[in-house]
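Trainee: sequence unknown, structure follows:
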């Protein structure tokens, strides 16, 4: 299908974008467009105006400061995939990146767009949650920072207001003690996962501390499996699987029961990744 | 087209297969529809129209993209290469020959996207493993061949090109 008609404006500043969002209640921001344009083509969405933010300078790039790694919202997946800074300071993101779409999609899709769109089966929202990261947003009342734990509100729904623009993602930079794990099951490489798991922990002697397990594809938002986190910190992967407190619903790909089983399979794999020393 | 309100149609200038192009396009028109309908470059195919099948793969500023997931209005100032351009330049002649020799196509619908995607992988220089080839073309559906012959063709060309450079 073809999109319904819409107007198009390419903006050069965040202020312009925020102002236009104020004037057009049903406007949509166009970043990488790899989800948005698909929904427009299928007429799942029919905004009156697209605000193209790709021309705003300074919104892409990666920087490390004060123990944090900051990734501009317009950083493309392919850019992140090639980034030495991300490989070194955000190894979980580096590990997730090849699973996101396909090469042609990663050339256009942006990290900020993926997080703001908040597809429950997408990799990056779960990574942000696992990493205890935060996002910066700007709106009519100025800038604010939102923690990942407070960001994902529901199906494709975030804490961002209608007039707010996500500008950056900030993550704690990895240290020598950081352990990360990532895996997903998809019918075809690059497709949205049936179930996926992003995880972080700190090495604590021979065990683990600060375990954060963020599942995707199991609910309306990425969800943490807090009981399994506690069990895994005790070093017992099977106990963590037995404690698994996610409750996937049936969807087009698999039944809830199958997904729950797969969540356990992934937990065993990711548990092993976390236990292994970082190369 | 002239009756559309402002913002619904926009003037763009870009380079397509080495030639300058200036057109007024509807904001809602995707790049692949622009290439096919306005420029009569019908080598880029329209399959799923939501980024899954890869039949519309073209190069924008040297990088492969989904022609159905980019709007023509976003292409002001860019350089686009389609299968026609890749083919005319001779850059993919060896891939085309290998696809033909190995029956790596039947209906041909996926082939332009498949060739553009394979060329993207091979342009990185090293000889990819079969696993890497499969991963790189994972976003391109072929409903005829079962992929085996496509992987064979891409692998053979990778080896040929590496041999030619020794």
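Mentor: Okay, I see it. Quick caveat, the model's predicted, so the values are computed rather than measured.
Trainee: From now on I want contacts and neighbour counts done on CA atoms only, so please keep to that.
Mentor: Will do.
Trainee: Quick one: the strands in chain B, in order.
Mentor: If DSSP state E is used as the criterion, the strands of chain B fall at B:9-16, B:19-26, B:57-60, B:63-66, B:79-81.
Trainee: show me the contacts for residue A:273.
Mentor: A:179-182 (CA atoms under 8 Å, 6 or more residues apart in numbering or on different chains).
Trainee: The chain - how does it break down into domains?
Mentor: Going with chain A. Here the domain assignment for chain A is A:7-52, A:62-171, A:179-274, based on automatic domain parsing.
Trainee: Wait, chain B was what I had in mind.
Mentor: The record's domain parsing of chain B by automatic domain parsing lists B:9-86, B:90-164.
Trainee: follow-up on the earlier one: looking at the strands of chain B, which is nearest to chain A?
Mentor: Proximity to chain A (CA to the nearest CA) singles out strand B:63-66 among the strands of chain B, at 4.4 Å.
Trainee: for chain B, which spans come out with low pLDDT?
Mentor: B:1-6, B:165-166 (pLDDT under 70).
Trainee: Contact residues of it facing chain A?
Mentor: Taking CA under 8 Å from any CA of the partner chain as the contact definition, chain B meets chain A at B:6-9, B:27-29, B:49-51, B:57, B:63-66, B:68-70, B:135-136, B:138-139.
Trainee: List buried residues within these.
Mentor: B:7-9, B:27-29, B:49-51, B:57, B:63-66, B:68-70, B:135-136, B:138-139 (16 or more other CA atoms under 10 Å in any protein chain shown).
Trainee: Filter those residues down to the ones in helices?
Mentor: B:135-136 (DSSP state H).
Trainee: thinking again about what came up before, and among the domains of chain B, the most buried is which?
Mentor: domain B:9-86 (a mean of 21; mean count of other CA atoms under 10 Å in any protein chain shown).
Trainee: how far does that one stretch from start to finish?
Mentor: 29 Å (CA to CA, to the nearest Å).
Trainee: can you give me the helices for chain A?
Mentor: Assigned by DSSP H, chain A shows helices spanning A:14-23, A:36-41, A:77-82, A:84-89, A:91-96, A:103-106, A:111-117, A:123-130, A:148-151, A:226-233, A:237-242, A:256-275.
Trainee: Point out the most buried one among those.
Mentor: Ranked by mean neighbours (mean count of other CA under 10 Å), the helices of chain A are led by helix A:123-130, with a mean of 29.
Trainee: pLDDT (mean, whole number) over it?
Mentor: On average, the pLDDT along helix A:123-130 is 98.
Trainee: Please identify which of the domains of chain A is closest to residue B:84.
Mentor: Smallest distance to residue B:84 across these (CA to CA): 18.5 Å, for domain A:62-171.
Trainee: and the closest one, anywhere near chain B?
Mentor: Yes: using CA under 8 Å from any CA, domain A:62-171 comes into contact with chain B via A:101-105, A:107-108.
Trainee: So which of those is the closest to chain B?
Mentor: Among the residues of domain A:62-171 next to chain B, residue A:104 lies closest to chain B (CA to the nearest CA), at 4.4 Å.
Trainee: so how far is residue B:36 from that closest one?
Mentor: According to CA to CA, residue A:104 and residue B:36 sit 19 Å apart.
Trainee: Output the below-cut-off pLDDT ranges for the stretch 101-250 of chain A.
Mentor: Applying pLDDT under 70 to the stretch 101-250 of chain A flags no residue at all.
Trainee: which stretches of it form strands?
Mentor: A:134-139, A:142-147, A:152-154, A:157-158, A:165-172, A:178-185, A:195-204, A:207-216, A:223-224 (DSSP state E, counting those that start in this stretch).
Trainee: Could you export those as a markdown table, including mean neighbour count?
Mentor: Formatted as a markdown table, those follow (neighbours: other CA atoms under 10 Å in any protein chain shown):
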| stretch | mean neighbour count |
| --- | --- |
| strand A:134-139 | 22 |
| strand A:142-147 | 14 |
| strand A:152-154 | 19 |
| strand A:157-158 | 17 |
| strand A:165-172 | 23 |
| strand A:178-185 | 24 |
| strand A:195-204 | 25 |
| strand A:207-216 | 24 |
| strand A:223-224 | 24 |
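Trainee: residues in contact with whichever residue of the stretch 151-279 of chain A sits closest to chain B?
Mentor: Residue nearest to chain B within the stretch 151-279 of chain A: residue A:189 (6.1 Å; CA to the nearest CA). Residue A:189 is in contact with A:99, A:101, B:135, B:138, counting by CA under 8 Å, 6+ apart.
Trainee: Residue B:116 too?
Mentor: Taking CA under 8 Å, 6+ apart as the test, what residue B:116 contacts is B:57-59, B:64, B:83, B:86.
Trainee: now the end-to-end length of stretch A:240-248.
Mentor: Using CA to CA, first and last residues of stretch A:240-248 are 17 Å apart.
Trainee: Residues of the stretch 151-279 of chain A that sit close to chain B?
Mentor: Contact residues, the stretch 151-279 of chain A versus chain B (CA under 8 Å from any CA): A:188-190.
Trainee: change it to 10 Å
Mentor: Within the stretch 151-279 of chain A, the residues that sit near chain B (CA under 10 Å from any CA of the partner chain) are A:188-191.
Trainee: And those residues, which is closest to residue A:117?
Mentor: Using CA to CA, those come closest to residue A:117 at residue A:191, 16.4 Å.
Trainee: and the closest residue to the closest one other than its chain neighbours, how far is that from residue B:88?
Mentor: Leaving aside its sequence neighbours, residue A:191 sits nearest to residue A:101 (CA to CA, 6 or more residues apart in numbering or on different chains; 5.9 Å). Distance, residue A:101 to residue B:88, using CA to CA: 30 Å.
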